[in-house]
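Peer 1: turn this into a structure:
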Amino acid sequence: MSKPLLNQTAIVTGGSSGIGEGIAKAMAAAGANVVVNFAHGRDAADSIVQSIRSDGGTAISVGADVSSEQDVLAMFSQTLEEFQSIDILIANAGIQQDAGFTEMTLDQWNKVLGVNLTGQFLCAREATKQFIKQGVRDGVSCAAGKIICMSSVHQIIPWAGHVNYAASKGGVDLMMKSIAQEIAGHRIRVNSIAPGAIQTPINKPAWDNKESLDALMTLIPYGRIGVPEDIAKAAVWLASDESDYVHGTTLYVDGGMTLYPGFADNG
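Peer 2: This next block holds a predicted model:
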């Protein structure tokens, strides 16, 4: 089996379930040492680490709230102590706290922006510092480092009842592009993945019964809900040298959701 990420170390934030779990396992299968970050529930993260190790991979679990600067600094320090280098950041951690706009509390707003946007900023900043320090490692990768931000189709599709979430993902889009513009000269690649509807615990009510799933399918031209492996495959490609000239862009993995299927018959 090809190991395009051999001898590289990847931090996957929010790696203990859903999309993050899929990415962590795929990174390990591609040869990377993997840091499975979790904010709550060490048991789930440790189970993923054990699964990776059972398949011959290398992984550790590290607890950190990505919205906390001190937690992020400690996570990067622990990663370097364990693996001596960092080559890939998958800034995946994200939460939802949904409410109608007039009922949304400041706490709900701040918590979602804190994890989904500030958390990505803090992790990307620390990764960038390490990438610049390391430089390009000959024989490991063409780039000094790779940052993959996890966004959403809702960086461009408005989402009533989820204003905090949509705002956080819109922020991720321009944050990613601005970082990419600024640090490209260091041979650091920065991109985003924008998933559509993916079968994960965070959106279980949208797919766990026939009525909900049928309604969801009206939004997906390709006719199926996505699975974490769909995102994981894209992440491995973006982290590999196969995508070395891809920089500052968002890869939509959404079954065509951003094609606005409601307009398929002239609106």
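Peer 1: which residue ranges of the stretch 101-250 of the chain form helices?
Peer 2: Assigned by DSSP state H, counting those that start in this stretch, the helices in the stretch 101-250 of the chain fall at 106-113, 119-134, 163-183, 210-217, 228-239.
Peer 1: got the contact list for the first one?
Peer 2: Right, the one you point to is helix 106-113. Here helix 106-113 makes contact (C-beta atoms under 8 Å, 6 or more residues apart in numbering) with 67, 95-97, 99, 163-165, 167-168, 171. Quick note: C-beta positions are derived from backbone N, CA and C, even for glycine.
Peer 1: how about it: buried residues?
Peer 2: Using 16 or more other C-beta atoms under 10 Å as the test for burial, helix 106-113 gives 108-109, 111-113.
Peer 1: ranking the contacts of helix 106-113 by neighbours, who comes first?
Peer 2: When neighbours are counted by other C-beta atoms under 10 Å, residue 168 leads these with 27 neighbours.
Peer 1: quick one: terminal-to-terminal distance for stretch 108-120?
Peer 2: Taking C-alpha to C-alpha, to the nearest Å as the measure, stretch 108-120 stretches 18 Å from start to finish.
Peer 1: longest strand anywhere in this protein?
Peer 2: Counting residues, the longest strand found in the chain (DSSP state E) is strand 188-195.
Peer 1: if we can go back for a sec, out of the buried residues of helix 106-113, the closest to residue 199 would be?
Peer 2: residue 112 (21.6 Å; C-beta to C-beta).
Peer 1: skipping adjacent residues, who's closest to that closest one in space?
Peer 2: Excluding its sequence neighbours, the residue lying closest to residue 112 (C-beta to C-beta, 6 or more residues apart in numbering) is residue 164, at 4.0 Å.
Peer 1: and the one you found, how far is that from residue 26?
Peer 2: 29 Å (C-beta to C-beta, to the nearest Å).
Peer 1: for residue 5, give me its contacts.
Peer 2: 27, 30-32, 87-88, 236, 239-240 are the contacts of residue 5 under C-beta under 8 Å, 6+ apart.
Peer 1: now, those that are in strands?
Peer 2: Mapping those onto strands (DSSP E) picks out residue 88.
Peer 1: need the max-distance pair from the contacts of residue 5.
Peer 2: It's 87 and 236 that sit farthest apart of the contacts of residue 5, by C-beta to C-beta, at 12.9 Å.
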